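Colleague: missing the sequence, but the structure's below:
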Ligand SMILES: NCc1[nH]cc(CCC(=O)O)c1CC(=O)O
């Protein structure tokens, strides 16, 4: 079959690298060729601080509009940047196997967070990372007006502009910059953003619509999406995002959640921070998995996230987030 899957992506180096990898897997699984289609989003062009843009969907909206219009067949998103609210007419059809969900430190002279001298300047604009940092090292100085792509951010350490930056391991690894990392923070004491390190492949709902190019193409694409979906990743990110939705918080909120599947159980840790790091509320929950079936995993995800939301709300998360 000669049909080509048109895969929409942002144009940043990271977006292109991760999209290329996901598209290659999807093409192979579907038995179809693929091409990348770059779409510029508001998050790419705006100079404003991401938190002040409202956070929700600044990277996703233009891609989603192109998908609805039928200009592309699928979109590869960083799941972390996708608002939790459903987008009418679109569904997340696959979440490929997640990369490293941790945050990392890139510091001068090989330093760890503990070894950085008091007063060191740390670059990050993420309210979650600022709150987590202030909770453990209130003596460091946060440089919060800090944007730019991953190479730029790492470059600001090399140039001495800041002493360290905090980044997502997945982004650094995907861009082959792991050599710059001086510490990877354990998820158990430094949980990260819901969905961090995971990709979401989004499609139009009910691909039988007249936008689909042929029934045969739609069937091959659906089969490929099913194959690249990783059910453990799907369950863990579903649990994490359900916490964010349950707290009615956005992706810029100081909410950190990390779920893992280990030893026949699904574990979830969820924390809500006061922006200044002075208060941290944490809920830890686990559910036993009867089997590793997709349905079982999703049932466990729903259960642990509901329990975490209930606990965080009863602890007063609404007043903090
Ligand atoms: N908010 C920007 C963003 N969106 C996804 C990633 C990294 C890759 C990922 O989490 O999948 C990053 C960069 C960062 O937070 O350091």
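Modeller: That came through, no problem. In this text, all values refer to a predicted model and were calculated from it rather than measured experimentally. Numbers count the residues shown, from 1 in each chain.
Colleague: Closest residue of the stretch 1-150 of the chain to the ligand?
Modeller: Relative to the ligand, the nearest point of the stretch 1-150 of the chain is residue 78 (3.6 Å; C-beta to the nearest ligand atom). Placement of C-beta: from N, CA and C, glycine included.
Colleague: Flag the shaky bits of the chain, pLDDT-wise.
Modeller: Along the chain, the model assigns pLDDT under 70 to residues 1-2, 42, 45-56, 207-212, 250-253, 321.
Colleague: thinking again about what came up before, spit out the contact partners of the residue of the stretch 1-150 of the chain closest to the ligand.
Modeller: 14, 15, 18, 59, 195, 198, 199, 200 (C-beta atoms under 8 Å, 6 or more residues apart in numbering).
Colleague: rerun at 7 Å
Modeller: Contacts for residue 78 (C-beta atoms under 7 Å, 6 or more residues apart in numbering) come out as residue 199.
Colleague: can you check residue 128 too?
Modeller: Listed by C-beta under 7 Å, 6+ apart, the contact set of residue 128 reads 193, 254, 255, 256, 273.
Colleague: Then residue 44?
Modeller: Shown in contact with residue 44 (C-beta under 7 Å, 6+ apart): 10, 11, 12.
Colleague: Can you classify residue 93 as helix, strand or coil?
Modeller: Following DSSP: H, G, I helix; E, B strand; the rest coil, residue 93 is assigned to strand.
Colleague: my read: residue 9 touches residue 38, true?
Modeller: Yes - Residue 9 is within contact range of residue 38, at 6.1 Å (criterion: C-beta atoms under 7 Å).
Colleague: Among the two, which residue is more densely surrounded?
Modeller: Neighbours per residue (other C-beta atoms under 10 Å) separate residue 9 from residue 38, with residue 9 holding more: 24 against 14.
Colleague: quick one: the residue nearest to the more buried one when sequence neighbours are not counted and residue 76, what's the gap?
Modeller: Among residues not flanking residue 9 along the chain, residue 19 sits closest, at 3.7 Å (C-beta to C-beta, 6 or more residues apart in numbering). Shown here: residue 19 relative to residue 76, a distance of 4 Å by C-beta to C-beta, to the nearest Å.
Colleague: hey, what's in contact with both of the two?
Modeller: Common contact partners of residue 19 and residue 76 (C-beta under 7 Å, 6+ apart): 7, 9.
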